[in-house]
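Student: generate a structure from the sequence data that follows.
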Amino acid sequence: MIRTIAFVMFVCAVVHAERQVPNPECFISRPAQDPAAALCAGDNDLVIGNETLKNNIRLAMAAFDGRAPLNPAVLGFMSPTYVQHQLEAIDGTAGVIALLTQLAGKGRVNVVRVLHDEDQDGDYVVAHTDFPVFAFLGEIGPKIGFDVFRFEDGKVVEHWDQLQITPSELNPSGRSMVDGVTQVTPATKSQTKANKALAKAYVEDILVNGRTEKLRSFFDGDNYIQHNPTAGDGVSGLIAAFGSATAKKVKYNRIRLVLGEGDFVLLPVRERRMVF
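Tutor: Below is the predicted model of the structure:
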């Protein structure tokens, strides 16, 4: 049995009966301490992700691309107390330098999506990445990944990641793991909360507790676009995927986080995978 963390991403569309006109000041990304940020505190004002933190993570991910030298700015926003959950790396900025040194010239990376969520224990930034070239620790071949970074006071203090081998073929509906919508649609605070609640309820009810009789209640008819490499579009494709032998070997246990910006929601979920 193998225990891992799976990353599950959704693009949600929750219908809201009432929607007030958003305050235009909220289209501007502001640090929380900015007095103007108070204008965006209401549930009906747009919440825009912190572009400074998101751009910092774009710089950090670019450091994994062997075609460019390390930008010194990357180390400037890494905390000395940085905690690394990547099993082959060590904590602190020294660990970052050592890891990037090992990776030098061994990879290519395209950052596909970047999300920001301000949580009660810090700011989180999520990077959805495509590694068309990957050669590290004996693993050679393209990978698709998620990286989650936690910030405190503008510096990265913690990092988690997960990589999956890029499928050699598109899924039954002709989709890859990274195509589709890449830009966040701005949403109000209440809409973002509703999207996160919907995604969390789906994972808890369907993936963790196996209540597949509730499956159709989470979707608008059969309108569902699937990027899982083994499943097709629509609820019918999802039902077929749940019945596969591969799906039956996986047990989802517990949601670790619920992170979202606008219509995107990511949930790291602890799983157990049977190997036999």
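
Student: out of the helices and strands in the protein, which is least certain?
Tutor: Across the helices and strands of the chain, the lowest-confidence element by mean pLDDT, DSSP states H and E is helix 245-248, at a mean of 52.

Student: low-confidence bits of the stretch 101-250 of the chain, can you list those?
Tutor: 104-105, 120-121, 137, 244-249 (pLDDT under 70).

Student: give me the residues contacting stretch 230-241.
Tutor: Taking CB atoms under 8 Å, 6 or more residues apart in numbering as the criterion, the residues outside stretch 230-241 that touch it are 171-173, 175, 212, 215-216, 219, 221-226, 228, 244, 246-247. Bear in mind the C-beta positions are built from the backbone N, C-alpha and C, glycine included.

Student: how about the helices in this protein?
Tutor: Read by DSSP state H, the chain holds these helices, from start to end of the chain: 51-62, 73-76, 92-103, 189-202, 234-242, 245-248.

Student: out of the ones you listed, nearest to Pro268?
Tutor: Ranking the helices of the chain by distance to Pro268, with CB to CB as the measure, places helix 189-202 first at 11.8 Å.

Student: list the helices and strands the closest one packs on?
Tutor: With contacts taken as 3 or more CB pairs under 8 Å, 6 or more residues apart in numbering; DSSP states H and E, helix 189-202 sits against strand 2-11, strand 259-261, strand 264-273.

Student: the ones you listed: lowest mean pLDDT?
Tutor: The weakest mean pLDDT among the helices and strands packed on helix 189-202 belongs to strand 2-11, with a mean of 65.

Student: same list (the helices of the chain) but as a markdown table, adding distance to Asp147.
Tutor: Below are those laid out as a markdown table (distance: least, CB to CB, whole Å):
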| stretch | distance to Asp147 |
| --- | --- |
| helix 51-62 | 7 |
| helix 73-76 | 13 |
| helix 92-103 | 12 |
| helix 189-202 | 19 |
| helix 234-242 | 26 |
| helix 245-248 | 25 |
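
Student: quick one: which of these is nearest Val8?
Tutor: Within the helices of the chain, the stretch nearest Val8 is helix 189-202; the backing value is 7.9 Å (CB to CB).

Student: and that closest one with strand 264-273, angle?
Tutor: Helix 189-202 runs at 20 degrees relative to strand 264-273, counting by axes from the mean of the first three to the mean of the last three CA atoms, to 10 degrees.

Student: about what we covered before: can you say which of the contacts of stretch 230-241 are buried?
Tutor: Among the contacts of stretch 230-241, those that count as buried by neighbour count (16 or more other CB atoms under 10 Å) are Asn171, Pro172, Arg175, Tyr224, Gln226, Asn228.

Student: ramachandran angles for the fourth one?
Tutor: According to degrees, to the nearest 10, the main-chain angles of Tyr224 amount to phi -150, psi 120.

Student: for it, list the residues it contacts.
Tutor: By CB under 8 Å, 6+ apart, Tyr224 lies in contact with Asp233, Gly234, Val235, Gly237, Leu238.

Student: ok, Pro229 next?
Tutor: Contacts for Pro229 (CB under 8 Å, 6+ apart) come out as Pro167, Glu169, Leu170, Asn171, Met177.

Student: wait, which of the residues you listed is closest to Lys189?
Tutor: Using CB to CB, these come closest to Lys189 at Met177, 29.8 Å.

Student: hang on, the earlier thing: out of the contacts of Pro229, which end up buried?
Tutor: Asn171, Met177.

Student: farthest pair in the contacts of Pro229?
Tutor: The most widely separated members of those are Glu169 and Met177, with 11.4 Å between them, by CB to CB.

Student: burial count for the nearest residue to Gln86 once chain neighbours are set aside?
Tutor: Closest residue to Gln86 in three dimensions, ignoring its sequence neighbours and counting by CB to CB, 6 or more residues apart in numbering: Asp161, at 5.7 Å. Burial measure for Asp161: 17 neighbouring residues, criterion other CB atoms under 10 Å.
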